[in-house]
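*Asks:* next comes the sequence, and after it the predicted model I'd like to discuss.
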Amino acid sequence: MLRPWQTHFWLEGSTGKTFHARLLNKLITDIKNGRLAPGTMLPGSRSLAKQLEVNRKTVQQVYEELESQGWIVSKPRSGTFVSNMLPEQGLSEENKLLISNINNTKPASNLVENIYQDSVRTGINISGENDGIPDTRLIPYKILARAYRRACISLSRHSNLGYGDPRGTKQLRDSIQKMLTDDRFMNCSSEQICIVRGSQMGIYLASRVLDPNKGAIIVEEMCYAPAKAAFESNGFKILTCKLDHHGLNILALEKLLTQHEVAGIYITPHHQYPTTVCLPMDRRLNLLKLSKQYQFSVIEDDYDHEFHYEAKPIPPLASLPNSENVVHIGSMSKVFAPGLRVGYLAADKIFIERAAQEIVLIDRQGNTITEHVLSDLMESGEVKRHIRKARKQYEARRNFAASEFCRVFGDNISFNLPTGGMALWVDISKLVAGRKIDNLQNKDSNLSTLYSDDSEEPSHIRFGFGAITEKEITQSIEKLSQTLKQ
């Protein structure tokens with residue numbers, strides 16, 4: 001059927017940080033206000049993608065979400081139409097209130113809403129967004145499967161699958177304690193360790209244990225947004241501290257401490273997120289002295305300690321003098337895969353006990369089987385063996401990605417080769433000067449504006465190389481050049 005007019009969409013002013021969210025909200029708004037009446041035929045995904053100059057898959061994902069919510073229907077060989085029976089349409093305002101919990105729930109912040117929408121969108125896309133994530137194809141799945149089988153048999157035979165310690169199984173806490181003592185110079189006992197479901201849960205627990213009445217939380221001016229959102233959600237005022245080419249600026253930190261009451265600082269010293277810079281030893285020592293002087297906690301997110309390529313990594317903050325106020329957060333998700341969901345907190349016993357009390361309320365305990373599996377693999381040396389093998393792979397990919405950026409972009413870009421991690425921080429300011437770039441349409445690259453509240457033009461990209469092969473690295477960088485060089 002020939003359409004008399006093409007339906008156009010104008011997304012300026014539509015709410016949402018991502019293009020996916022803006023298009024989704026725009027279509028729902030147009031349906032609600034009657035611009036898209038029930039029965040209206042919508043543009044095909046290919047046609048709408050061309051009109052908006054985006055990837056067709058993005059439009060398909062929005063259409064799928066709208067259909068799952070009941071706003072549109074897809075008819076084979078006919079097209080996509082606005083549903084004749086819209087969600088909660090036709091109800092009186094009084095009856096809508098009866099079936100709605102809107103008055104009983106507190107709204108999420110814009111930051112939390114955007115993070116949630118991004119995670120939902122990533123869940124639809126099997127490959128996920130690559131922001132320095134590990135390659136799940138490298139998992140020693142046969143060894144992992146055998147360990148799970150052993151754990152299931154042993155735990156069931158000995159009736160050990162009931163409720164347990166909210167801090168985690170004693171076996172895994174002992175294994176983590178040995179690793180922290182032997183590999184990271186930390187002097188702690190298993191009583192000072194709490195097992196969590198990844199570093200994000202550890203960060204959230206820290207935000208619950210610390211008291212917002214004692215002061216603000218300081219974060220680096222470019223930082224991990226979900227961490228910032230966790231502290232905001234628990235009532236903390238957020239202050240930002242400047243970064244320079246060595247990481248956290250200690251002079252700027254001292255200035256903040258003299259002007260504000262501060263309860264804690266959240267920091268990624270090993271490989272600063274997102275810039276990949278390793279905080280030098282002199283700054284680490286000064287930070288710890290300030291934490292003792294001003295009595296604030298240091299939340300150390302050591303999210304990828306295992307993957308350091310230049311000689312030996314600098315010891316974590318928690319292993320240095322004056323580290324009594326440090327809460328050390330680590331994760332095994334980068335070692336194996338995010339889906340494994342195992343991380344840990346290491347801090348003084350009082351802090352760990354308070355964290356465990358919070359776990360009792362929201363989770364009761366972790367996954368006993370997985371914790372036994374991981375302990376088994378750590379004790380047998382399989383974890384260390386896998387880390388050593390994966391580290392060589394990631395280092396080779398780092399070096400290859402660096403050479404490909406130089407080959408494709410030449411002098412138009414610049415970067416410092418990171419000492420570790422799974423991402424490059426690339427200066428693209430020469431390529432984007434005076435141009436507006438909102439979306440790279442590249443799952444392996446994120447603009448620097450994503451990591452800061454400042455509305456300035458992007459100056460860098462964070463390119464994740466860990467999860468992709470050399471062939472995929474070349475394809476991704478060449479695709480990126482088409483966007484940046486046009």
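*Replies:* Everything's here; your move.
*Asks:* what about the helices in the stretch 301-450 of the chain?
*Replies:* 349-362, 368-380, 382-409, 429-432 (DSSP state H, counting those that start in this stretch).
*Asks:* the closest residue to Phe185 other than its chain neighbours: neighbour count?
*Replies:* Spatial nearest neighbour of Phe185, chain neighbours left out: Ser319 (4.0 Å); criterion: CB to CB, 6 or more residues apart in numbering. The way it works is simple: take the backbone N, C-alpha and C, and place the C-beta from them, glycine included. Residues lying near Ser319 (other CB atoms under 10 Å) number 18.
*Asks:* contacts only, for Ser319.
*Replies:* Residues near Ser319 by CB atoms under 8 Å, 6 or more residues apart in numbering: Arg184, Phe185, Met186, Asn187.
*Asks:* and if you look at Ile139?
*Replies:* Residues near Ile139 by CB under 8 Å, 6+ apart: Phe336, Ala337.
*Asks:* and what of Leu161?
*Replies:* Leu155, Thr368, Ile369.
*Asks:* likewise Gly247?
*Replies:* With CB under 8 Å, 6+ apart, Gly247 has these contacts: Glu220, Pro269, Gln272, Thr275, Val277, Cys278, Leu279, Pro280, Arg283.
*Asks:* likewise for His245?
*Replies:* Contacts for His245 (CB under 8 Å, 6+ apart) come out as Val277, Asn416.
*Asks:* same question for Ala467.
*Replies:* Here Ala467 is in contact with Asn130, Ile133, Pro134, Asp135, Thr136, Met422, Asp444 (criterion: CB under 8 Å, 6+ apart).
*Asks:* and the first one, what are its phi and psi?
*Replies:* Dihedral angles phi and psi of Asn130 (degrees, to the nearest 10) take the values phi -100, psi 100.
*Asks:* is Leu377 in contact with Ala147, as I believe?
*Replies:* Yes. With contact defined as CB atoms under 8 Å, Leu377 reaches Ala147; the gap is 5.6 Å.
*Asks:* where does the prediction get shaky in the stretch 1-150 of the chain?
*Replies:* Scanning the stretch 1-150 of the chain for pLDDT under 70 picks out the ranges 1-6, 13, 88-106, 118-128.
*Asks:* please enumerate the strands of it.
*Replies:* Applying DSSP state E, counting those that start in this stretch to the stretch 1-150 of the chain gives strands spanning 41-42, 72-75, 79-82.
*Asks:* for burial, what's the neighbour tally of Pro321?
*Replies:* 9.
*Asks:* test my guess that it contacts Leu288.
*Replies:* Yes. Counting by CB under 8 Å, Leu288 is a contact partner of Pro321 at 6.9 Å.
*Asks:* return the set of buried residues in stretch 272-289.
*Replies:* Across stretch 272-289, burial judged by 16 or more other CB atoms under 10 Å covers 272-279, 283-288.
*Asks:* between the residues you listed, which is nearest Ala390?
*Replies:* Thr276 (17.9 Å; CB to CB).
*Asks:* which residue sits closest to the closest one, ignoring its sequence neighbours?
*Replies:* Ranked by CB to CB, 6+ apart and with sequence neighbours excluded, the top spatial neighbour of Thr276 is Pro418, at 3.9 Å.
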